[in-house]
Structure formats: structure tokens, C-alpha cells
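Enquirer: could you work out the structure for the sequence below:
(one chain, ligands or ions: 2)
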Amino acid sequence: KKQKTVLDIQKMKTEGEKIAVLTAYDYPFARLMDLAGIDMILVGDSVGSVVSGYDNTLPVSMEEMIYHTRAVVRGTSGALVVTDMPFLSYQVDRRDARMNAGRLVKEGGAHAVKLEGGTNVADTIRAIVDMDVPVMGHIGLTPQSVHRMGGFRVQGKKEEQADKLLADALAVQQAGAFAMVLEGIPKPLAKRITESVSIPTIGIGAGIHCDGQVLVIHDILGLCEKYSPKFVKKYADVSGIISQGVRDYIREVKEGIFPDDEHSFK
Ligand code: KIV
Ligand code: NA
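Expert: Residues are numbered from 1 along each chain as shown. Ligands and ions are numbered 1, 2, ... in the order given. Here you go, the predicted structure:
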């Protein structure tokens, strides 16, 4: 299978083909979704919430992102792999940002990186793109800004917020990003942004008019019951299957049924 590139992803917008993106954090999930034909895999810092059990993404480290990226890349042969730059890996200064983006590519094997923000990070995006690491932007509800936003809330509902988000989108494009995530934005505004930029928009809680969609794999499989935002659609109930398998195993151990002869060495 041919590995998708950022150019392939951009071509999908011009040809009107929707871009399907999911998050993955390890080898088995990456392998299954790659075989199923996913276009892009995001090694999201959402790993902190859905795998490490933190309340938000802020504690996630560079070392954790590199570790998860390596596992995902080993399970991938067709999808483009994009890794999130974690909190504090790009905000402090440009040199850090470039070094950390480079580490995600060199040590993790990512094909591109993603970072959160609009006009405020445009110079940072440009600095990373200038060393030939493709960057995906991420505007709207940016989870690393949880304390400023006062929780995970939809952004751009008020007129002046909407104008600010459109300016953010244009700044991200102007800085050289190859695509951008639109998160937690009203459907009409996401439509307006998508029509205003020539690079693909990937929506999450941003309605049908984006060029592609992304969701967290644990959310769509019902693996993370902590919270469930309105924009998550559950495509399977894997929690139920895991619980049943574990209960069956416990019972068979307790009752002396497992291991039978079939699972023992003679
Ligand atoms: O961390 C993440 O999973 C994300 C997306 C869902 C866009 O940033
Ligand atoms: Na993220």
C-alpha cells in the first residue's frame, strides 16, 4: 500500500473527497484502522485523557508523545501519521518548538506535527515549516487552553469571536500549515472558514461542511465512559465486550475450568 503524503491529503480537498481521520496511540489500533483504510492517523495528546486517565491534556510529555508515535508508525503503512506537540513543547520559544517538532519526526517517525493556536502561533508554525516538517494547525476549542476557556466549550458563538477565528484560520494557512483542525465551532462558522481557506479543514464538533472529520478512537468505540460530548457518535460498544471477556476469564479461573488440556503443555 502506498503511504499517503501531505500532498495526497491536500488533493482530497481540491477533488472533493472527504478526509477520514482517527486518533491512535498504539500498534494494534493503528494497524487495524490503517488496514480499514483511514486516510490520516493523529497521535493526539488526547492520549493523556483517554489512555493515561488525566482530566486534561496538559500533563502529557514529549517522551510520551514520542513513545506513542513510534508504536503507531510501526502499525501504519498507508495512513499519514500526524503527532500532537504537547503543552509546553512549542509555547516558550521558537528554538524549543523547532527542536521538539524535529524530535517527533526523527525519534517518533511522525510525518507531520500538529499544534494548537491561530495568530498567536503563526510565527511558530512558520519556523517549523521552514525546516521542512509539515504542520497541521488546530483552532477553535483548543484543549491545551482549558484554563483560559473555563472548560471545554464551543468557541466562536459570538460575532467578534467568529471574526477572530476566521483571522486565526487565515493566519494558520498563511504561516504554511498543510491542513487545520477545527474543533468545537458552530457549523455555519466552520463552513465559512472551510470556504475561506485552500488547505483542508478537519472538523471535530464542527459540522458536516469541513473537508474531513476526526474523532478520538476510544470515544467512537465506547472505550472511555468518563464523558461523552455531543459531537461523539458511538460506532461500537467495545467496553461491553472487554467486560464480558474479563468476567468470563475470572469465573473460569475461580471455578478451575481454565486452563483445560487444550491450553496446557503435556
Ligand atoms: O488530541 C486529539 O485527539 C486532538 C483531536 C481530537 C483533534 O487534538
Ligand atoms: Na490534541
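
Enquirer: touching, residue 214 and residue 200? I think so.
Expert: No. Counting by Cβ atoms under 8 Å, residue 214 stays clear of residue 200, with 11.1 Å between them. (Glycine included, C-beta is placed from N, CA and C.)

Enquirer: the helix or strand hosting residue 160 - contacts with which helices or strands?
Expert: Element membership for residue 160, per DSSP states H and E: helix 159-174. Helix 159-174 sits against helix 122-129, strand 135-140, strand 179-183, helix 187-196, with contacts defined as 3 or more Cβ pairs under 8 Å, 6 or more residues apart in numbering; DSSP states H and E.

Enquirer: cutoff 7 Å now
Expert: Helices and strands touching helix 159-174, by 3 or more Cβ pairs under 7 Å, 6 or more residues apart in numbering; DSSP states H and E, are helix 122-129, strand 135-140, helix 187-196.

Enquirer: so which of these gets nearest ligand 2?
Expert: Comparison of these against ligand 2 by Cβ to the ion identifies strand 135-140 as nearest, at 6.7 Å.

Enquirer: distance from the closest one to the middle of the chain?
Expert: Relative to its parent chain, strand 135-140 has a centroid offset of 11 Å by Cα atoms, centre = their mean, to the nearest Å.

Enquirer: and residue 136, how many neighbours?
Expert: Using other Cβ atoms under 10 Å, the number of residues around residue 136 comes to 27.

Enquirer: what's the nearest residue to it if we skip its chain neighbours?
Expert: Spatial nearest neighbour of residue 136, excluding adjacent residues (Cβ to Cβ, 6 or more residues apart in numbering): residue 114 at 4.1 Å.

Enquirer: ok, back up a step: the helices and strands packed on helix 159-174: which one's closest to ligand 1?
Expert: Nearest to ligand 1 among the helices and strands packed on helix 159-174 is strand 135-140; the distance by Cβ to the nearest ligand atom comes to 6.1 Å.

Enquirer: can I get that closest one as PDB, trimmed to CA atoms?
Expert: Output of strand 135-140 as PDB, limited to C-alpha atoms (Å, rounded to 0.1, in the frame of the first residue of the first chain):
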ATOM      1  CA  VAL A 135       2.500  21.300  10.300                       C
ATOM      2  CA  MET A 136      -1.300  20.900  10.900                       C
ATOM      3  CA  GLY A 137      -3.000  23.800  12.700                       C
ATOM      4  CA  HIS A 138      -5.700  23.500  15.300                       C
ATOM      5  CA  ILE A 139      -8.100  26.300  16.100                       C
ATOM      6  CA  GLY A 140     -11.400  26.900  17.900                       C
END
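
Enquirer: is residue 141 in contact with residue 152, as I believe?
Expert: Yes. Residue 141 lies in contact with residue 152 (Cβ atoms under 7 Å); the separation is 6.3 Å.

Enquirer: of the two, who's got more company?
Expert: Ranked by neighbour count (other Cβ under 10 Å), residue 141 and residue 152 place residue 141 first, with 24 against 17.

Enquirer: so what's that one up against?
Expert: Going by Cβ atoms under 7 Å, 6 or more residues apart in numbering, residue 141 touches 152, 153, 154, 155, 183, 184.

Enquirer: neighbours of the residue nearest to residue 136, how many?
Expert: 25.

Enquirer: same check on residue 230?
Expert: When neighbours are defined as other Cβ under 10 Å, residue 230 has 8 of them.

Enquirer: again with residue 190
Expert: 25.

Enquirer: what does the model give the closest residue to it other than its chain neighbours for pLDDT?
Expert: Excluding its sequence neighbours, the residue lying closest to residue 190 (Cβ to Cβ, 6+ apart) is residue 206, at 3.9 Å. Listed pLDDT for residue 206 reads 98.

Enquirer: try residue 225
Expert: Reported pLDDT for residue 225: 76.

Enquirer: which SSE is it in?
Expert: If you go by DSSP H and E, residue 225 is not part of any helix or strand.

Enquirer: coming back round to it: for the residue nearest to residue 190, grab phi and psi.
Expert: Residue 206 has phi and psi values of phi -130, psi 10 when expressed as degrees, to the nearest 10.

Enquirer: same check, this time on the one 3 residues further on
Expert: Torsion angles at residue 209 (phi, psi; degrees, to the nearest 10) stand at phi -90, psi 0.
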